[in-house]
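Enquirer: mind looking at a prediction? Sequence and model below.
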Amino acid sequence: MRALVWYGTKDVRVETINEPVVTNGKVKVKVKAAGICGSDLHAYAHGIGIQVGTPHPLSGKMAPLTMGHEFAGEVVEVSEGVTSVKVGDRVAIEPMYQCGACDNCKKGNYHLCEGFGFIGLNGDGGFADYVVVDPYMVHKLPDNVSFEEGALVEPTAVAVYAVKESKQKIGDTVAVFGVGPIGLLTVIAAKAAGAARIIAIDISPERLALAKEVGATHIINSLEENCVSIILSEYGGVDVAYEVAGVQATLTSAASVVKKGGEIRVISLFSAPAEIDLFSLIVREISITTSCAYHHVFPEVISMIENGVLDVQKVITAKTTLENIVEDGFEKLVSDKSQAKILIEI
């Protein structure tokens, strides 16, 4: 079968490899659509996040690995004893490993599992014709949810979980700093959760236009305008600031615009340590919280997509094939900041 295999930084290859074999307690899926995530870009461009040198404790795998953790497809084989899905089911994959035995897994907090990891980064993933996964990763898709939408369930779960766990209430004013794919999905989730005003801040005019299309009520290009001054003078601050850019400047701005008693919710991954003025947060009693992926939200995300509450297809800005994933996927995302979600049709 075809697969995109990671060998090293900027060294990923579409190769013909052996088709995976279903072993006891596993499910085999024929991949139909997959999305490129920001963590895929980190792995591609910097080698960050990939299992290198030692096998992952749950997958038993290390690089070279097949990439891809945002995907949907069709079940083509199940091992004996698996009853949760059957051959022919259309499914989205929740790609997070869970051991089921550590304290966090026993409490239901599998996103904090001691063996935390993702297929596609810590084991073989979905940029391939076929993939074998654990049954707990498999979620059925309704007939009216496309494979493309199914591939977007995973990143949408990140945004929905962040908004659900935040202090946001119906009627609140919120800001979303950074409207890449997760930022755009956060706009969509915040709107679904009843935000009255959603202020999107970015440096890309194209992404800001898309943010407006998916639900932002106000947009600010922080290269051209002082976003802090505008938010404070025109809106009196925000109840919740979602930080989705992962850079010092946006974190500092987010801390400057939150109202007393409000919240900074950090969703992004920072590649370097960040600084924050704790005195300013303390005297305003502002919470700073973080989100680590998601847990127990895939079913409701799928239901919200099914019922039109979350219109996720608008974040797709380009499509390509597995054979062209490097040039028309990874490299395009690195060089063209107007791109949001690039989908791979497999």
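Expert: Arrived safely, thanks for sending.
Enquirer: mind listing the strands for the stretch 151-300 of the chain?
Expert: Counting by DSSP state E, counting those that start in this stretch, one finds strands in the stretch 151-300 of the chain at the ranges 173-177, 197-202, 218-221, 238-243, 258-266, 287-290.
Enquirer: any chance of those strands in CSV, plus distance to Val301?
Expert: Heads up, the C-betas are built off the backbone N, CA and C, glycines and all. Converted to CSV, the strands of the stretch 151-300 of the chain look like this (distance: least, C-beta to C-beta, whole Å):
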stretch, distance to Val301
strand 173-177, 18
strand 197-202, 19
strand 218-221, 25
strand 238-243, 17
strand 258-266, 18
strand 287-290, 20
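Enquirer: which of those strands sits most buried?
Expert: Neighbour counts (mean count of other C-beta atoms under 10 Å) averaged over each of these peak at strand 173-177, with a mean of 30.
Enquirer: show residues contacting that one.
Expert: Contacts to strand 173-177, defined as C-beta atoms under 8 Å, 6 or more residues apart in numbering, come from residues 168, 183, 186-187, 190, 195-202, 211, 216, 231, 235-245, 250-251, 253-254, 257.
Enquirer: now do it: distance to the chain's middle.
Expert: Strand 173-177 sits 18 Å away from the centroid of its parent chain (C-alpha atoms, centre = their mean, to the nearest Å).
Enquirer: give me the angle between that strand and strand 258-266.
Expert: Between strand 173-177 and strand 258-266, the angle comes out at 40 degrees (axes from the mean of the first three to the mean of the last three C-alpha atoms, to 10 degrees).
Enquirer: burial measure for Glu327, as a count.
Expert: 10 (other C-beta atoms under 10 Å).
Enquirer: separation between it and Asn104?
Expert: According to C-beta to C-beta, to the nearest Å, Glu327 stands 40 Å off from Asn104.
Enquirer: centroid-wise, who is the farthest residue in the chain?
Expert: Note on the chain: the largest C-alpha distance from the chain mean falls to Val283, namely 33.2 Å (C-alpha atoms, centre = their mean).
Enquirer: what pLDDT is listed against that residue?
Expert: Note for Val283: predicted pLDDT of 97.
Enquirer: just Met1 next, same as before
Expert: Value for Met1, per-residue pLDDT: 97.
Enquirer: cool, the one 10 residues further on as well?
Expert: Model confidence at Asp11, given as pLDDT, is 96.
Enquirer: who does it form a beta bridge with?
Expert: Going by DSSP bridges, Asp11 is paired in beta bridges with Gly8.
Enquirer: nearest residue to Ala211 other than its sequence neighbours?
Expert: Ala200 (3.8 Å; C-beta to C-beta, 6 or more residues apart in numbering).
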